[in-house]
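Undergrad: Predicted model and sequence below, questions to follow.
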Amino acid sequence: MVKKPKHYQPLDAKDRHIVRLVQRDAKLAQSEIAKKVGLSTAAVNERLRKLEASGVIRRFAAIVDPAAVGAGVSAFVEVFFEHPRFEGGFLDRIMKLNEVQECHHVTGEFSLLLKVRVRDMESLQELLLEQLAGHEGVRQTRTVMVLSTVKEESYVEPENTGGEE
């Protein structure tokens, strides 16, 4: 179940500037963005709409402190399947689990790398045994606990993708 890469329209300098601004502060008023990038508010509104429609901007969201909302335990879980045919059902299941924040196909011994956040060790044990390792076709999981986080960022620098300058 591998997703094909999307083909995005090239971003020009104004689009890249808008993307930089909204990644740092999604609540920034469109009039303020307009001043900073040298466009009208209507033009910024249209560009934001197109960036969302094309998938460049996936969504706007608040980034919360996990511990403040009761998810103070973080871990990375590697998942190994008995056979690739079991992966699709597993992926369907984890898409419904709020505790699984990220899922990546990776190289190496394991097929998937999951980033999970839970309330406590008991919740982690339940997630691992009942939801992940207990799924049909999962041969093995390996869990690495996060002791502390030095850097965690959602910002992605928008590179020049061949658009106008």
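TA: Noted; the coordinates are in hand. Residues are numbered from 1 along each chain as shown.

Undergrad: For this protein, give me the ranges with low pLDDT.
TA: 1-7, 161-165 (pLDDT under 70).

Undergrad: Which stretches in it count as helices?
TA: 13-24, 30-37, 41-53, 87-94, 121-126 (DSSP state H).

Undergrad: Tabulate these (CSV), appending mean neighbour count and distance to Thr107.
TA: In this view, the C-beta of every residue, glycine as well, is placed from N, C-alpha and C. As requested, these are arranged in CSV below (neighbours: other Cβ atoms under 10 Å; distance: least, Cβ to Cβ, whole Å):
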stretch, mean neighbour count, distance to Thr107
helix 13-24, 17, 28
helix 30-37, 16, 39
helix 41-53, 15, 31
helix 87-94, 15, 15
helix 121-126, 14, 25
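
Undergrad: beta partners for the residue most central in space within the chain?
TA: By Cα atoms, centre = their mean, the chain has its centre lying nearest to Glu102, at 5.9 Å. For Glu102, the beta-bridge partners are Lys115 (DSSP bridges).

Undergrad: Would you confirm that it contacts Arg117?
TA: No. Using Cβ atoms under 8 Å as the test, Glu102 is too far from Arg117 to be in contact (9.9 Å).

Undergrad: Tell me which of the helices of the chain lies nearest to Gln140.
TA: Proximity to Gln140 (Cβ to Cβ) singles out helix 87-94 among these, at 12.9 Å.

Undergrad: Domains in the protein, by residue range?
TA: 13-53, 66-145 (automatic domain parsing).

Undergrad: ok, now how distant is Asp92 from Phe86?
TA: 11 Å (Cβ to Cβ, to the nearest Å).

Undergrad: Same question for Thr141.
TA: The gap separating Thr141 from Phe86 is 13 Å, by Cβ to Cβ.
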